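1. A predicted structure for the sequence below; I have some questions about it.
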Amino acid sequence: MPRTPKPSGRKGPARETNLRRPSPHRTPVERLLVVCGARVTEKQYFDGLRKAEENKAVSVKLVARPKSPSQVVKFAADRLATARDEYDQVWCVLDVDQFTDLPDALAEAERHEDLHIALSHPCFEVWLHLADHTSPAASYKALLPALRRHVPAYDKTSLDFERQYGPTWREAVRRAKKLCPPGKEPEVNPSTGVWRLAEAIGLPGGGR
């Protein structure tokens, strides 16, 4: 006659059958949406930076939106509203250039806590010049000769980040910080606030 098992005092099996192990602690990933106001240049640059630095603390989605500043900001604000759970920060990459609606765009961005502006005056090429250009420039065309002295093969439709900018982007951050205080780019020519976005993508903790 089989023995009656003795009570073990356990409500379940005597041996633990759950083989799952606790997940290791993971650092939260900051999710960035970057909306570029030009068709190619900015998107190629930040894609190159993302790939070169392989910053595990951030994920970056890049969108090209070659429109006026107010249209770029409206697009970004709409995405922030409709996909709020997908992004922690939304950035618009804008130029002062000859746009007349920039004040409206900046005012709209101020209404959204997690919407940030990376603004260059007059244009993104100030940043590509390692923020080393200190003389006022009226436009992209006026700045181009100085940029090509620094990057002879510069082509705004085809950037080679690793070769042209990878070794020096941190130096660009240092120089850009000296051009003007954050948020004063509309008043200071030349200037660029791109360094804030570059740090957010390229540095652990976003440079904080």
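-> Cool, got the structure. Nothing here was measured: the structure is a model prediction, and the numbers come from that model.

2. so what's the nearest residue in space to residue 137 that is not next to it in sequence up against?
-> Closest residue to residue 137 apart from its sequence neighbours, by Cβ to Cβ, 6 or more residues apart in numbering: residue 143 at 4.2 Å. (C-beta placed from N, C-alpha, C; glycine too.) Contact analysis of residue 143 by Cβ atoms under 8 Å, 6 or more residues apart in numbering lists 122, 123, 125, 126, 129, 133, 137, 190.

3. Most neighbours of all those, which one?
-> Counting neighbours by other Cβ atoms under 10 Å, the top entry in the contacts of residue 143 is residue 126, with 30 neighbours.

4. Is that one in contact with residue 195, as I believe?
-> No. Contact criterion Cβ atoms under 8 Å: residue 126 and residue 195 do not qualify, at 10.8 Å.

5. the strands in the protein, which residues?
-> Counting by DSSP state E, the chain has strands at residues 30-36, 58-64, 89-95, 115-121, 191-192.

6. Out of these, which gets nearest to residue 163?
-> Across the strands of the chain, residue 163 has its closest neighbour in strand 58-64 (20.1 Å, Cβ to Cβ).

7. buried sites along that closest one?
-> For strand 58-64, a neighbour-count test (16 or more other Cβ atoms under 10 Å) marks 58, 59, 60, 62, 64 as buried.

8. Report the contact partners of the last one.
-> Taking Cβ under 8 Å, 6+ apart as the criterion, residue 64 is in contact with 36, 38, 39, 40, 42, 43.

9. Just the buried residues of these.
-> The neighbour count (16+ other Cβ under 10 Å) marks 36, 38, 42, 43 as buried among the contacts of residue 64.

10. Which member of these is positioned nearest residue 92?
-> residue 36 (8.1 Å).

11. can you pull up the bridge partners for that closest one?
-> In this entry, residue 36 is beta-bridged to residue 64, residue 93, by DSSP bridges.
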